[in-house]
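**Q** Here's a sequence, model it:
(one chain, ligands or ions: 2)
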Amino acid sequence: EKPQVIIIGRPNVGKSTLFNRLVGKRLALVDDQPGVTRDRRMGDAEIAGLRFTIVDTAGWEDEDELSLPGRMRKQTEASLEGADAALFVIDARAGLTPLDTEIARYLREHDVPIVLVANKAEGAAGEAGALESYSLGLGEPVALSAEHGEGIADLFGGLWPII
Ligand code: GDP
Ligand code: MG
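**A** Numbers count the residues shown, from 1 in each chain. Ligands and ions are numbered 1, 2, ... in the order given. The predicted structure is shown next:
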């Protein structure tokens, strides 16, 4: 059984783009509009010989009547059950939002090991956001650009001690 790694984060941070980058195919729908990922998607990923199953999620994306905890339970909790690690993605350009902080608090309540990912960090644009993300208390962020394919290999250092 390959280890399972799930991608978590608020809408529009680039989860599906990262998923596609890791799988090497466009299996997940990427869109500027939050909420396009409607179900869980799984694929095979490999970074420098480290092989794992990667899972794209959209647990915080539904703009429905449910409360935030309800939305969390809906999909993410089920994904977390079988996960060996979670990639918690933030948007390094946008900086932290209250929802990022809320998700971080939620993740800390679970036992799953977390690798913090500061996405959209191509060039120098994400430096401030990556630094800001230290305040989540989830350790050192891996700054990368899922869209431009920069820094993906740096995920290895975060993942291999865990999975
Ligand atoms: P999700 O809602 O978290 O799954 O986010 P998506 O993967 O659908 O991406 C949301 C938007 O962010 C899209 O317009 C992507 O093209 C854009 N995006 C994703 N990754 C990057 C990145 O590394 N850099 C920049 N500048 N934009 C990105
Ligand atoms: Mg998505």
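
**Q** partner strands of the helix or strand residue 86 falls within, parallel or antiparallel?
**A** If you go by DSSP states H and E, residue 86 is part of strand 85-91. As defined by DSSP bridges, the strand partners of strand 85-91 come to strand 4-8 (parallel), strand 114-119 (parallel).

**Q** Are it and ligand 2 in contact anywhere?
**A** No. Contact of strand 85-91 with ligand 2 (Cβ under 5 Å from the ion) is absent, the minimum separation being 10.0 Å. Every residue, glycine included, has its C-beta placed from N, CA and C.

**Q** Can you give the distance from that strand to the centre of its chain?
**A** Relative to the chain's own centre, strand 85-91 is displaced by 3 Å; criterion: Cα atoms, centre = their mean, to the nearest Å.

**Q** anything in that strand near ligand 1?
**A** No. Legend: contact between strand 85-91 and ligand 1 by Cβ under 6 Å from any ligand atom is lacking; minimum distance shown is 6.6 Å.

**Q** I'd like the next helix or strand past that strand.
**A** That would be, after strand 85-91 and using DSSP H and E, helix 98-108.

**Q** what's the angle between that next one and strand 4-8?
**A** Interaxial angle, helix 98-108 versus strand 4-8 (axes from the mean of the first three to the mean of the last three Cα atoms, to 10 degrees): 150 degrees.

**Q** list the buried ones in helix 98-108?
**A** Going by neighbour count (16 or more other Cβ atoms under 10 Å), the buried part of helix 98-108 is 100, 103-104, 106-107.

**Q** May I have the phi/psi pair for residue 47?
**A** phi -130, psi 110 (degrees, to the nearest 10).

**Q** Based on its surroundings, how many neighbours for the residue lying closest to residue 26 once chain neighbours are set aside?
**A** Distances taken as Cβ to Cβ, 6 or more residues apart in numbering put residue 20 closest to residue 26, at 5.1 Å, once the chain neighbours are dropped. Applying other Cβ atoms under 10 Å, we find 22 residues neighbouring residue 20.
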